[in-house]
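Peer 1: how would this look folded up:
(one chain, ligands or ions: 2)
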Amino acid sequence: MKLKVLASGSKGNCYILETLAGTLILECGISWKEILLGLNYDISRVIGCLVSHEHKDHSRAIEDVMNAGIDVWTSQGTIEALGIKHYRLKPIKDKDRLLMGDMTILPFEVQHDAKEPLGFLIRNRPTGENLLFITDSYYSKYKFKDLKYIMVECNYIKETLDENIENGYIDQAMKPRLLQSHFSLENVKEFLKTNDLSQCREIVLLHLSDRNSDSEQMMREIREVTGITPKVATRGLEVELNLYPY
Ligand SMILES: [Zn+2]
Ligand SMILES: [Zn+2]
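Peer 2: Ligands and ions are numbered 1, 2, ... in the order given. Below you'll find the model as predicted:
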């Protein structure tokens with residue numbers, strides 16, 4: 001598998017996952033023009049698009065994606081919140097497994113201020129590798145095992161947020177929402193500690209806040225608790241996710 005980051009953060013999110021059987025679009029929160037460019041103008045290999053929730057930074061191009069002939073899987077709550085109808089919309093829900101090309105997708109509930117937000121556990125059947133995708137969630141009530149690759153939001157560092165509020169850079173009123181909607185570095189560390197990472201080879205940190213994050217500190221602290229040096233999802237990042245011999 002190969003992962004390409006087209007965008008990550010509050011301005012837009014879109015990731016492309018390529019396998020031998022096809023290409024999966026994870027989130028479509030940028031313009032269709034940018035998605036097309038990221039696909040090298042080749043939509044023939046695209047097997048579908050998964051959308052985690054209705055916020056524009058994850059769903060901006062959803063109608064263009066469907067109008068281009070690509071099926072979109074997302075929750076019924078997200079569909080209702082977006083107020084859209086389209087025959088290419090495929091409602092999915094928590095723990096309803098679905099097959100897409102050579103991948104098996106297990107959607108699961110996440111904790112975010114959206115109607116029915118989902119995370120996705122993606123299994124590449126030919127290699128048996130599991131990739132966890134969890135964005136826009138302030139914690140996870142689920143534990144996972146046998147994960148090879150983890151894509152997880154790491155939005156802010158609590159201390160940095162508090163400093164920014166103290167210095168007046170961030171409005172105090174923003175804080176309760178952030179605490180109950182996005183993953184802090186502290187919560188990501190706790191989450192990673194509670195999961196079995198013995199098979200894990202890559203961690204990619206997503207959706208970093210412009211003001212309340214520090215990628216160096218995040219990478220260092222995640223490495224300290226997991227032994228894995230994470231990558232930070234920035235536009236243009238490509239990660240080769242290969243089957244590792246053990
Ligand atoms: Zn977001
Ligand atoms: Zn969101």
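Peer 1: Can you confirm whether the lowest-mean-pLDDT helix or strand in the chain lies near ligand 2?
Peer 2: Every helix and strand of the chain was ranked by mean pLDDT, DSSP states H and E. The lowest is helix 175-179, at a mean of 88. No - between helix 175-179 and ligand 2, judged by Cβ under 5 Å from the ion, nothing touches; the nearest distance is 10.3 Å. (Glycine included, C-beta is placed from N, CA and C.)
Peer 1: Then stretch 155-164?
Peer 2: No - using Cβ under 5 Å from the ion, stretch 155-164 stays clear of ligand 2, with a minimum separation of 10.0 Å.
Peer 1: So for that stretch, mean pLDDT?
Peer 2: For stretch 155-164, the mean per-residue pLDDT is 94.
Peer 1: What of stretch 102-109?
Peer 2: 97.
Peer 1: Quick check: residues of this structure near ligand 2?
Peer 2: 55, 136.
Peer 1: about what we covered before: for the least confident helix or strand of the chain, packing partners?
Peer 2: Counting contacts by 3 or more Cβ pairs under 8 Å, 6 or more residues apart in numbering; DSSP states H and E, helix 175-179 packs against helix 158-166.
Peer 1: so what does the helix it packs on touch, helix or strand wise?
Peer 2: Applying 3+ Cβ pairs under 8 Å, 6+ apart, one finds that helix 158-166 makes contact with helix 175-179.
Peer 1: Against which helices or strands is the helix or strand just after the helix it packs on packed?
Peer 2: Sequence-wise, the next helix or strand downstream of helix 175-179 (DSSP states H and E) is helix 185-194. Judged by 3+ Cβ pairs under 8 Å, 6+ apart, the packing partners of helix 185-194 are strand 149-153, helix 215-226.
Peer 1: which residues touch helix 185-194?
Peer 2: For helix 185-194, the surrounding residues in contact (Cβ atoms under 8 Å, 6 or more residues apart in numbering) are 138-140, 143, 150, 152-154, 156-158, 183, 203, 205, 213, 217-218, 221-222, 225-226.
Peer 1: Tell me which residues touch the residue lying closest to residue 171 once chain neighbours are set aside, please.
Peer 2: Distances taken as Cβ to Cβ, 6 or more residues apart in numbering place residue 165 nearest to residue 171, at 7.7 Å, with adjacent residues excluded. Contact partners of residue 165, counting by Cβ under 8 Å, 6+ apart, are 171-172, 174-175.
Peer 1: from those residues, which has minimum pLDDT?
Peer 2: Ranking the contacts of residue 165 by pLDDT, residue 174 lands last with 85.
Peer 1: list the contacts for that one?
Peer 2: residue 165.
Peer 1: switch to 10 Å and redo it
Peer 2: 161, 164-165, 212 (Cβ atoms under 10 Å, 6 or more residues apart in numbering).
Peer 1: biggest separation within the residues you listed, which pair?
Peer 2: 165 and 212 (9.4 Å; Cβ to Cβ).
Peer 1: Now do the residue lying closest to residue 185 once chain neighbours are set aside against ligand 2, distance only.
Peer 2: Closest residue to residue 185 apart from its sequence neighbours, by Cβ to Cβ, 6+ apart: residue 157 at 4.7 Å. Distance, residue 157 to ligand 2, using Cβ to the ion, to the nearest Å: 19 Å.
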